[in-house]
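Engineer: I would like the atomic coordinates for the input below:
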Amino acid sequence: MDINLRFFSRLGQWATNLFAPKSPLKSESDDAQQGLISLKTIANQYPLQIGQGQLNEAVPTRPFYSSDRFIGREPQLKQMADVINLWRNHHGEISAIVAPAGAGLSAFLGYMPTLLQQIQTDIEHVIPTNAKALPDTWLIMSFYQAPLSAFAAITNLCYCFNIAPPPNISDSSITDTIYAINQQPPQLIIIDDLHKLMLRMMGNNQALVTFATIIMETRKHHCWILGCEKYAWQRLSAQYQITHFIKHIINIDYFNAQELASIQTQQLVELGLISTDYLEQNPVEKPNNHSTETQDDTSATDVNPYDEQLKQLHSISQGHPKLAALLLQYSLTHQADITSDNKHKTDICKINSSAIQECQDNDLFSLAEIYVHGGLRVEQHAHIFAQSIEQSSLQLAYLARHGLIIAQYSQKDFAQHFYFITPTLTKIIASHLVNNNKLFN
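Structural biologist: So this is what the prediction gives:
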């Protein structure tokens, strides 16, 4: 009789948690009183809920791709402008922008239209050369379903140019597709979430090879920019040698203290806690003073009253902007004895990460695969770990119950439930996985 001990162990954990007494409100309140916030509470707070406290509630929602109040990234923008100008001067190569999850990669890519406008303005003030004009059209897109065949990769790339894919795969399909794409007007094509094209399932390797071949053979005519998560990039480099055909790699990291302070100062203004005057100041650097007399009179008022909280936010969030935003609002609305007059004296809640520290190795391996892939369906998880769909369903439900992953449920088939890591927890979970040798730096 074949008894799967790991399955029954997980079943026992799941049953114990299911029937255990539940007091989430008490637990959350106790944590807040102690200046803590659990991973589960962080998961429940994302996205920020409207209607909590008396702070004009949540930060207003902005478009996913937006150049509104873009902060920092000057060296990376300079590198990106150089890449585009190299393409204009007939030295087109594929470029990749690599960043850890939650560091603002999508926001950076969303700034590209503004960068193109700046480049166009510069072009108009120089002597004409034989350089190409900037593309008339540009496209920002993501593939949220990994291709599992060469035909699927061809089809996805054809859709980028609104051209019909071949009716079926043949020996000349790749060549014909390359020719058809090169006949289209030049375009700037930005593919975000490149890691979601990768999946450890049969057929995906050939799909990635096809994808890379077509992009390589069209890079002189079209400007290709790829965005990829840091640890997924390392796997693509190790297993698929992606660095062999990508010439320019631009690295983005989490925000430094000064940049994060600027972002959170905007949040404080939007919450109605400080005036817009502080948006004009640098929260980290000392304000410029033109006279000793002025310095004595204004030094007390020039300092952001939340300066100490901004420093705490960077220390705790390590520059993760979404986590910092959540921590700031949660700390202001959930700690006891906080009134409108002393909110600026609030300590930022520290993170209680006991939930992930209690995970077993198989849980951590699951989290690592979910992290690298940007999310997994139950059936995909089962395939990767060579176990039954029922086993995967229980294991993923267990992780979701502890707030480490979020579920998007299918109404028809539980094997299609999709699980991904809570966006606000990406750095916390990735750091723990690296420290436990489940992700590699």
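Engineer: Skip the chain neighbours and tell me the closest residue to Ile178.
Structural biologist: Excluding the flanking residues, the one nearest Ile178 by C-beta to C-beta, 6 or more residues apart in numbering is Glu217, at 4.6 Å. Placement of C-beta: from N, CA and C, glycine included.
Engineer: What distance do you get for the one you found to Gly102?
Structural biologist: 34 Å (C-beta to C-beta, to the nearest Å).
Engineer: neighbour count winner among those two?
Structural biologist: Using other C-beta atoms under 10 Å as the criterion, Glu217 and Gly102 rank with Gly102 on top: 24 against 16.
Engineer: can you tell me how far the closest residue to that one other than its chain neighbours sits from His383?
Structural biologist: Spatial nearest neighbour of Gly102, chain neighbours left out: Thr426 (4.3 Å); criterion: C-beta to C-beta, 6+ apart. For Thr426, the distance to His383 equals 24 Å [C-beta to C-beta].
Engineer: the more surrounded of the two?
Structural biologist: Legend: neighbour count by other C-beta under 10 Å for Thr426 and His383, higher for Thr426 (20 against 17).
Engineer: From the contact counts, what lies against the helix or strand containing Gln264?
Structural biologist: Using DSSP states H and E, the element containing Gln264 is helix 257-270. For helix 257-270, the packing partners by 3 or more C-beta pairs under 8 Å, 6 or more residues apart in numbering; DSSP states H and E come out as helix 307-317, helix 321-334.
Engineer: For the helix or strand encompassing Thr41, buried residues please.
Structural biologist: Taking DSSP H and E as the criterion, Thr41 maps to helix 39-45. By neighbour count on 16 or more other C-beta atoms under 10 Å, the buried set for helix 39-45 is 39-43, 45.
Engineer: and the chain, what are its domains?
Structural biologist: In terms of domains, the chain is parsed into 5-22+355-435, 35-65+255-283+303-352, 74-251 (source: automatic domain parsing).
Engineer: Considering those domains, which stretch scores lowest in mean pLDDT?
Structural biologist: Note on those: lowest mean pLDDT is at domain 35-65+255-283+303-352, with a mean of 73.
Engineer: and the end-to-end length of that one?
Structural biologist: End-to-end span of domain 35-65+255-283+303-352 (C-alpha to C-alpha, to the nearest Å): 10 Å.
Engineer: How about stretch 103-119?
Structural biologist: 25 Å.
Engineer: Buried residues in it, which are they?
Structural biologist: 103-112, 115-116, 119.
Engineer: export the helix holding Gln264 as PDB, just CAs?
Structural biologist: Provided in PDB are the C-alpha atoms of helix 257-270 (Å, rounded to 0.1, in the frame of the first residue of the first chain):
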ATOM      1  CA  ALA A 257      15.700  56.400   1.200                       C
ATOM      2  CA  GLN A 258      15.400  59.700  -0.600                       C
ATOM      3  CA  GLU A 259      13.300  58.400  -3.400                       C
ATOM      4  CA  LEU A 260      11.000  56.500  -1.100                       C
ATOM      5  CA  ALA A 261      10.600  59.600   1.100                       C
ATOM      6  CA  SER A 262       9.500  61.600  -1.900                       C
ATOM      7  CA  ILE A 263       6.900  58.900  -2.800                       C
ATOM      8  CA  GLN A 264       5.500  58.700   0.800                       C
ATOM      9  CA  THR A 265       5.500  62.500   1.100                       C
ATOM     10  CA  GLN A 266       3.000  62.500  -1.800                       C
ATOM     11  CA  GLN A 267       0.900  59.900   0.100                       C
ATOM     12  CA  LEU A 268       0.900  62.100   3.200                       C
ATOM     13  CA  VAL A 269      -0.300  65.000   1.200                       C
ATOM     14  CA  GLU A 270      -3.100  62.900  -0.400                       C
END
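Engineer: For it, which residues meet the burial criterion?
Structural biologist: So for helix 257-270, counting by 16+ other C-beta under 10 Å, buried means 259-268.
Engineer: Stretch 174-191 now?
Structural biologist: Going by 16+ other C-beta under 10 Å, stretch 174-191 has these buried residues: 174, 177-178, 180-181, 186-191.
Engineer: What is the distance between that stretch and the centre of its chain?
Structural biologist: 28 Å (C-alpha atoms, centre = their mean, to the nearest Å).
Engineer: Now do it: everything it contacts.
Structural biologist: With C-beta atoms under 8 Å, 6 or more residues apart in numbering as the test, stretch 174-191 has contacts from 84, 109, 112, 116, 132, 134-143, 150, 154, 157-158, 160-161, 163, 165-166, 210, 213-214, 217-218, 221-227.
Engineer: What's the end-to-end length of it?
Structural biologist: 20 Å.
Engineer: How about stretch 405-414?
Structural biologist: With C-alpha to C-alpha, one end of stretch 405-414 sits 16 Å from the other.
Engineer: What of stretch 236-254?
Structural biologist: 21 Å.
Engineer: gap between that stretch and the chain center?
Structural biologist: That offset, for stretch 236-254, works out to 17 Å (C-alpha atoms, centre = their mean).
Engineer: what residues does that stretch touch?
Structural biologist: 73, 76, 79-80, 83, 93-100, 102-105, 108, 194-195, 198, 205, 208, 212, 215-216, 226, 228, 233, 318-321, 427.
Engineer: Among those residues, which are located in helices?
Structural biologist: Of the contacts of stretch 236-254, the ones assigned to helices by DSSP state H are 76, 79-80, 83, 105, 108, 205, 208, 212, 215-216, 233, 321, 427.
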